[in-house]
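Q: Got a predicted structure plus its sequence, pasted below:
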Amino acid sequence: MTPIYDGKAKTLFAGPHPHTVIVAFKDTATAGNAQKRATFPHKGTLCNAISCKLFELLAAHGLPSHYIRKLSDQSFLAHQVQIIPLEVVVRNRATGSITKRLGIPRGQPFQPPLLEFFYKSDPLGDPLLCESHIFALGLATQNELREIQEQALQANKTLREYFAELRIDLIDMKFEFGKTPNGQILLADEISPDTLRLWDAQTKESLDKDIFREEKGDLVTAYREVARRMGLV
Ligand code: 5GP
């Protein structure tokens with residue numbers, strides 16, 4: 001099969017029906033605007049299993065997405081959407097870029113959760129955007145942005161409650177949204193420890209891609225632990 005898009009952690013192929021795509025996970029990880037890159041056997045299978053289950057969880061809570069169904073160990077079937085080049089970040093606690101940018105202490109809670117937008121652009125290094133920038137760049141209309149905000153906060157609430165039951169603290173996350181040919185806004189991309197920051201509720205140890213970013217342990221062991229608590233392995 002010929003890929004229609006070859007990304008850093010996933011490849012997209014044309015799906016079996018019109019307006020569908022196959023999302024296939026790779027075993028690669030990148031960080032720091034792809035400056036850092038490595039391969040981790042089994043990572044793709046784990047991210048796929050976790051993503052599928054989380055998209056199914058959100059659907060069961062009334063939040064549809066591009067996800068249709070799991071196809072194989074490494075892939076799922078999805079509705080084809082045009083990705084809006086926005087990284088939609090929801091934060092329940094401070095860590096990562098916001099601690100450096102604003103000097104907020106690591107671990108400080110945000111109540112209500114904090115929502116930020118970044119421009120999905122490797123050449124520009126994914127800069128932070130305010131709403132006026134989004135409208136000036138023509139990335140979304142006011143109504144679309146409101147829809148994106150509502151869906152992102154709803155997804156955070158559902159995921160946070162779910163992970164709390166597994167003794168995992170959902171610290172922050174990055175969502176991507178896409179538009180269907182009839183203009184519907186759908187949650188897209190993946191939802192996995194590559195895009196979520198997850199801390200063990202008791203030890204506060206990372207169970208996510210920060211292990212790779214900060215070289216602090218074995219990535220696959222941590223991803224497998226998340227999958228184990230979710231009942232997937
Ligand atoms: P931060 O802005 O603190 O670096 O990241 C906030 C959240 O968004 C974290 O959960 C992080 O994993 C996610 N995130 C931000 N940028 C990217 C990206 O380019 N790729 C992935 N996979 N996740 C990202």
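A: Structure's in. What do you need?

Q: secondary structure element for the nearest residue to A188 once chain neighbours are set aside?
A: Computed as C-beta to C-beta, 6 or more residues apart in numbering, the closest residue to A188 that is not its neighbour in sequence is G178, at 4.0 Å. Bear in mind the C-beta positions are built from the backbone N, C-alpha and C, glycine included. For G178, the enclosing helix or strand under DSSP states H and E is strand 177-179.

Q: tell me which element F117 is part of?
A: Mapping F117 onto the secondary structure by DSSP H and E places it in strand 109-119.

Q: Can you list the strands that the helix or strand following that strand pairs with?
A: Counting by DSSP H and E, the next helix or strand C-terminal to strand 109-119 is strand 128-129. Note on strand 128-129: by DSSP bridges, its sheet partners are strand 109-119 (antiparallel).

Q: Go through the helix or strand containing I50 and flag the buried ones.
A: The secondary structure element spanning I50 is helix 43-60 (assigned by DSSP H and E). Of all the residues in helix 43-60, those buried under the rule 16 or more other C-beta atoms under 10 Å are 43-55, 57-58.

Q: cool, and stretch 79-91?
A: Residues of stretch 79-91 classed as buried by neighbour count (16+ other C-beta under 10 Å): 79-81, 84, 86-91.

Q: Distance-wise, check whichever residue of the chain sits closest to the ligand relative to C47.
A: For the chain, the nearest residue to the ligand under the criterion C-beta to the nearest ligand atom is G96, separated by 2.2 Å. As defined by C-beta to C-beta, to the nearest Å, G96 lies at a distance of 19 Å from C47.

Q: Same check on A222?
A: A222 is 12 Å from C47, by C-beta to C-beta.

Q: what do the two both touch?
A: P193 (C-beta atoms under 8 Å, 6 or more residues apart in numbering).

Q: Please name the residues that touch L159.
A: L159 sits in contact with 54, 57-58, 170, 173, 191, 196, where contact means C-beta under 8 Å, 6+ apart.

Q: Looks to me like it is in a helix.
A: Yes: checked against DSSP: H, G, I helix; E, B strand; the rest coil, L159 lies within a helix.

Q: Within range of the ligand, give me the residues from the protein.
A: For the chain, the residues in contact with the ligand (C-beta under 6 Å from any ligand atom) are 87, 89, 96-98, 126, 172-174, 194-197, 209.

Q: May I ask which two of those residues are separated the most?
A: I98 and D194 (18.8 Å; C-beta to C-beta).

Q: The two: which is more packed in?
A: Just comparing I98 and D194: by other C-beta atoms under 10 Å the higher neighbour count belongs to D194, 25 against 20.

Q: And the chain, what are its domain boundaries?
A: 3-79, 82-218 (automatic domain parsing).

Q: In CSV, list these along with mean pLDDT.
A: Formatted as CSV, the domains of the chain follow (pLDDT from 0 to 100):
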stretch, mean pLDDT
domain 3-79, 97
domain 82-218, 98
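
Q: Could I get these in TSV, plus columns for distance to M230?
A: Conversion of the domains of the chain to TSV gives the following (distance: least, C-beta to C-beta, whole Å):
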stretch	distance to M230
domain 3-79	6
domain 82-218	7
